[in-house]
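Peer 1: 3D, please:
(one chain, ligands or ions: 1)
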Amino acid sequence: DSPYGSLWPLPQKVKISTVVFKLSGASFHIFDAKESSSGASCRLLQNAYRRYDEYIFTSSRKQGQNKSKKALASDMSELQVWITSADSECDSYPSVTSDESCEFTGMVFVFFHFSHLCHVNSLLHSTRRPHPCLNTSRMITEVNYLTAMAWNKFNVFHWHIVDDPSFPYLSRTFPQLSQHGAYHPYTHVYTPSDVKMIIEFARLRGIRVVPEFDTPGHTQSWGKGQKDLLTPCYSGASPSGSFGPVNPMLNTTYDFMSMFFKEVNTVFPDAYVHLGGDEVDFSCWKSNPDIQKFMEQQGFGMDYSKLESFYIQRLLDIITTTNKGYMIWQEVFDNGVKLKSDTVVHVWMGNKVEEELQKVTEAGFTTILSAPWYLDYISYGQDWQKFYRAEPLSFKGTDAQKKLVIGGEACLWGEYVDATNLTPRLWPRASAVGERLWSDRDVRDLNDAYSRLAKHRCRMVQRGIPAEPLFTGYCAHE
Ligand SMILES: CC(=O)N[C@H]1NC[C@H](CO)[C@H](O)[C@@H]1O
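Peer 2: Now for the predicted structure:
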């Protein structure tokens, strides 16, 4: 058993005391300390108090206890929240510079007979910035993953919202994209109000929503609703009827992208947008006679990565006019595209990861690491330990280079995932990534982690998130 009980992720500093108070739902409540810089008008905080009151007392209230019983003198009756940071972000959005550190002295333990004991501990949490990516083009799903993300201290939802199989994003400017590109034009789309709801649901939990509209590859579904956007592939001298990446030689392509990303800029408040740029297959471009002529005119010879860079470069120029920062998958950097200095390079490929981190940070770019944390790759056994053991900063580099790795991201791609298996496939495996990225680098004892994670997983199950088991055993609340 771990001395830290079910704490997950492990805070930077923990002191468990033997002093224990009893909580009773009858009298206990969470409220703002009078010195706090945020109070009753801060919806974000009041919303959190209500949520945590539910988490703490729901299980016992279901047993019909608490509210009726009168409070005893020994009960702890209040938890005061004292916000010290001047910018409480009550009505704004979390950002890459948000201060997420916190220090508190209270941990509620729910015992099986549903009384509540509160250990007076001091915990100091500060983040090493985890954030998970989810790909919804291949699946449509509800938002309880955002709830579970907050419990695991994930602070960014990277929403890979469209891809080859479907275009569920309902664009006001180009409604035909989902009309023709979604699996179904009204049961399998994210309407503007769905998107707004997801962004607000995430904001209230301190989670940023970074959308990804991946081009020029992974765009088959775009072509269903937008004529001439994709490159027609040829077999011999005539079009084959199939299409490839976005057509980089037409001005209409950039007119479209400019209008589309202007809309994206207004719909998604985050300072960053992810532009993709991964896995561009050149074969279609090579087969098209107009593209071949264009390559000659541009002096690209037979190097199609130059054509990809030409496209990405013009796309980045478009995004720069929307004053958003951008993230791109590592191939864009590997292909030598000229990037703005604040570009975030997203390292995902499984080979030579440390070499890639070394190169990207040496070039001075901030970096997000996903390569060790592709949760869509499943295997028999406790693979959470593999995710837990990965250390993002073990590559060769100066301290300045290490600081450029601003975070990591667990990815769950949707080829074999939909609403039926998203949650158990995501949790608690992603929780292992959460602790790796949140806790100190030397928090690595697998036995201690197992003991805490098994309990943390049961807490998620008890709160209604069907997180899969780590190994044999059962949850105390069952
Ligand atoms: C950046 C990236 O990961 N691109 C592709 N790579 C393989 C993934 C499945 O593991 C997905 O197919 C994804 O679209």
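Peer 1: the strands in the stretch 1-150 of the chain, which residues?
Peer 2: 13-15, 20-23, 29-32, 75-76, 78-81, 102-104, 107-110, 116-119, 122-125, 133-135 (DSSP state E, counting those that start in this stretch).
Peer 1: could you dump the longest strand anywhere in the chain to CSV, C-alpha only?
Peer 2: Counting by DSSP state E, the longest strand found in the chain is strand 238-246. Below are the C-alpha coordinates for strand 238-246, written out as CSV (Å, rounded to 0.1, in the frame of the first residue of the first chain):
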residue,chain,number,x,y,z
SER,A,238,-6.6,10.5,-67.6
PRO,A,239,-8.0,11.2,-64.1
SER,A,240,-8.5,8.0,-62.1
GLY,A,241,-11.5,9.4,-60.2
SER,A,242,-9.7,9.3,-56.9
PHE,A,243,-8.2,12.3,-55.1
GLY,A,244,-5.1,13.0,-53.1
PRO,A,245,-3.9,15.8,-50.8
VAL,A,246,-5.1,19.4,-51.1
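Peer 1: does it come close to the ligand?
Peer 2: No - judged by C-beta under 6 Å from any ligand atom, strand 238-246 stays clear of the ligand, getting no closer than 13.7 Å. In short, each C-beta sits where N, CA and C put it, glycine included.
Peer 1: show me what the next helix or strand after that strand is packed against.
Peer 2: Downstream of strand 238-246, the first helix or strand assigned by DSSP states H and E is helix 251-267. When contacts are defined as 3 or more C-beta pairs under 8 Å, 6 or more residues apart in numbering; DSSP states H and E, helix 251-267 packs onto strand 272-274, helix 304-320.
Peer 1: what comes up buried for helix 251-267?
Peer 2: Of all the residues in helix 251-267, those buried under the rule 16 or more other C-beta atoms under 10 Å are 253, 254, 256, 257, 258, 260, 261, 263, 264.
Peer 1: contact partners for the fourth one?
Peer 2: This points to residue 257. 215, 315, 318 (C-beta atoms under 8 Å, 6 or more residues apart in numbering).
Peer 1: can you tell me the closest non-neighbouring residue to the last one?
Peer 2: Computed as C-beta to C-beta, 6 or more residues apart in numbering, the closest residue to residue 318 that is not its neighbour in sequence is residue 258, at 4.9 Å.
Peer 1: thought the one you found was touching residue 320?
Peer 2: No - Residue 258 is beyond contact range of residue 320, at 11.3 Å (criterion: C-beta atoms under 8 Å).
Peer 1: so what's the one residue in the stretch 301-450 of the chain that gets nearest to the ligand closest to, chain neighbours aside?
Peer 2: Going by C-beta to the nearest ligand atom, the ligand is nearest to residue 413 of the stretch 301-450 of the chain, at 3.8 Å. Leaving aside its sequence neighbours, residue 413 sits nearest to residue 376 (C-beta to C-beta, 6+ apart; 4.2 Å).
Peer 1: same deal with residue 333?
Peer 2: residue 345 (4.8 Å).
Peer 1: model confidence over the host helix or strand of that neighbour, on average?
Peer 2: Residue 345 is located in strand 344-347, with elements delineated by DSSP H and E. Average pLDDT, strand 344-347: 97.
Peer 1: one more: stretch 13-29?
Peer 2: 79.
Peer 1: now residue 403: phi and psi?
Peer 2: phi -60, psi -20 (degrees, to the nearest 10).
Peer 1: now for it, how many residues are close by?
Peer 2: Burial of residue 403 is recorded as 12 neighbouring residues (other C-beta atoms under 10 Å).
Peer 1: cool, and residue 475?
Peer 2: Neighbour count for residue 475, taken as other C-beta under 10 Å: 14.
Peer 1: quick one: which of the contacts of residue 257 has the most company?
Peer 2: Ranked by the number of neighbours (other C-beta under 10 Å), the contacts of residue 257 place residue 315 first, at 27 neighbours.
Peer 1: show me what contacts that residue?
Peer 2: Residue 315 is in contact with 215, 254, 257, 275, counting by C-beta under 8 Å, 6+ apart.
Peer 1: out of these, the closest to residue 286 would be?
Peer 2: Nearest to residue 286 out of the contacts of residue 315 is residue 215 (C-beta to C-beta; 18.6 Å).
Peer 1: in what helix or strand does the closest one lie?
Peer 2: Counting by DSSP H and E, residue 215 is part of no helix or strand.
Peer 1: give me phi/psi at it?
Peer 2: Backbone torsions for residue 215, taken as degrees, to the nearest 10, come to phi -140, psi 170.
Peer 1: contacting residues for it?
Peer 2: Per C-beta under 8 Å, 6+ apart, neighbours of residue 215: 222, 245, 246, 257, 275, 276, 277, 311, 315.
Peer 1: report pLDDT for it.
Peer 2: Listed pLDDT for residue 215 reads 98.
Peer 1: could you measure from it over to residue 222?
Peer 2: Distance of residue 215 to residue 222, given as C-beta to C-beta, to the nearest Å: 8 Å.
Peer 1: just give me the neighbour total for residue 298.
Peer 2: 13.
Peer 1: ok, and the closest non-adjacent residue to it?
Peer 2: Excluding the flanking residues, the one nearest residue 298 by C-beta to C-beta, 6+ apart is residue 310, at 6.7 Å.
Peer 1: may I have the distance across stretch 216-236, first residue to last?
Peer 2: Stretch 216-236 stretches 23 Å from its first residue to its last (C-alpha to C-alpha, to the nearest Å).
Peer 1: burial count for the residue of the stretch 301-450 of the chain closest to the ligand?
Peer 2: Neighbourhood size, residue 413 [other C-beta under 10 Å]: 18.
Peer 1: burial of residue 378, as a residue count?
Peer 2: By the measure other C-beta under 10 Å, the count of residues near residue 378 is 12.
Peer 1: helix or strand: which one has it?
Peer 2: Residue 378 belongs to no helix or strand, assigned by DSSP H and E.
Peer 1: how about residue 400?
Peer 2: In this structure, residue 400 sits in helix 399-403 according to DSSP H and E.
Peer 1: below-threshold pLDDT in the stretch 101-250 of the chain: ranges please.
Peer 2: Counting by pLDDT under 70, the stretch 101-250 of the chain has low-confidence residues at 103-142.
Peer 1: how about the residues of it by the ligand?
Peer 2: residue 218.
Peer 1: tell me where the stretch 101-250 of the chain has helices.
Peer 2: Along the stretch 101-250 of the chain, counting by DSSP state H, counting those that start in this stretch, helices occupy 144-151, 176-181, 192-203, 220-225.
Peer 1: for the longest strand of the chain, packing partners?
Peer 2: Helices and strands touching strand 238-246, by 3+ C-beta pairs under 8 Å, 6+ apart, are helix 220-225, strand 230-235, helix 283-287.
Peer 1: ok so, going back, gap between the residue nearest to residue 298 and residue 333?
Peer 2: Distance check for residue 310 against residue 333: by C-beta to C-beta, it reads 16 Å.
Peer 1: cool, residue 179 as well?
Peer 2: Separation of residue 179 from residue 333 (C-beta to C-beta) stands at 35 Å.
Peer 1: with neighbour numbers in mind, choose between the two.
Peer 2: Comparing residue 179 with residue 333 by neighbour count (other C-beta under 10 Å), the higher total belongs to residue 333, at 21 against 16.
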